[in-house]
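**Student:** Below: sequence and its predicted model.
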Amino acid sequence: MPKMKTKKAVSKRFKVTANKKLKRTKPGRRHMLTKKTTKRKRHLRKQTLVNKTQLKTYSRLMGIV
């Protein structure tokens, strides 16, 4: 069976941790930043892990199985 190709759109959005979990950036920090509070923008800077319900789907798209 041939190798599974990585979906490049998915690989650009996620980073793989040492325990095969996926890190992602939070949405909502691209535009209209003047109306968002400093606290809200600061919390949007931090990365978070992908939810375990979606982890299987995105891992498969990235070729991590």
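**Tutor:** Sure thing, it's come through.

**Student:** residue contacts, the closest residue to His43 other than its chain neighbours?
**Tutor:** Closest residue in space to His43, ignoring its immediate chain neighbours: Lys26 at 7.6 Å, by C-beta to C-beta, 6 or more residues apart in numbering. In short, each C-beta sits where N, CA and C put it, glycine included. Lys26 makes contact with His43, Leu44, Lys46, Gln47, Thr48, according to C-beta atoms under 8 Å, 6 or more residues apart in numbering.

**Student:** which of those has the most neighbours?
**Tutor:** Within the contacts of Lys26, most neighbours by other C-beta atoms under 10 Å means Leu44, with 15 neighbours.

**Student:** What separation is there between it and Ile64?
**Tutor:** Using C-beta to C-beta, to the nearest Å, Leu44 is found at 26 Å from Ile64.

**Student:** Ok, Lys12 next?
**Tutor:** Per C-beta to C-beta, Lys12 is found 15 Å from Ile64.

**Student:** packing partners for whichever strand or helix holds Val10?
**Tutor:** In the assignment (DSSP states H and E), Val10 maps to helix 8-13. When contacts are defined as 3 or more C-beta pairs under 8 Å, 6 or more residues apart in numbering; DSSP states H and E, helix 8-13 packs onto helix 52-62.

**Student:** For the helix it packs on, which helices and strands make contact with it?
**Tutor:** The elements that helix 52-62 packs onto, with contact taken as 3+ C-beta pairs under 8 Å, 6+ apart, are helix 8-13, strand 22-25.

**Student:** can you redo those as a markdown table with mean pLDDT, mean neighbour count and distance to Leu33?
**Tutor:** Formatted as a markdown table, the helices and strands packed on helix 52-62 follow (pLDDT from 0 to 100; neighbours: other C-beta atoms under 10 Å; distance: least, C-beta to C-beta, whole Å):
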| stretch | mean pLDDT | mean neighbour count | distance to Leu33 |
| --- | --- | --- | --- |
| helix 8-13 | 95 | 12 | 21 |
| strand 22-25 | 97 | 16 | 15 |
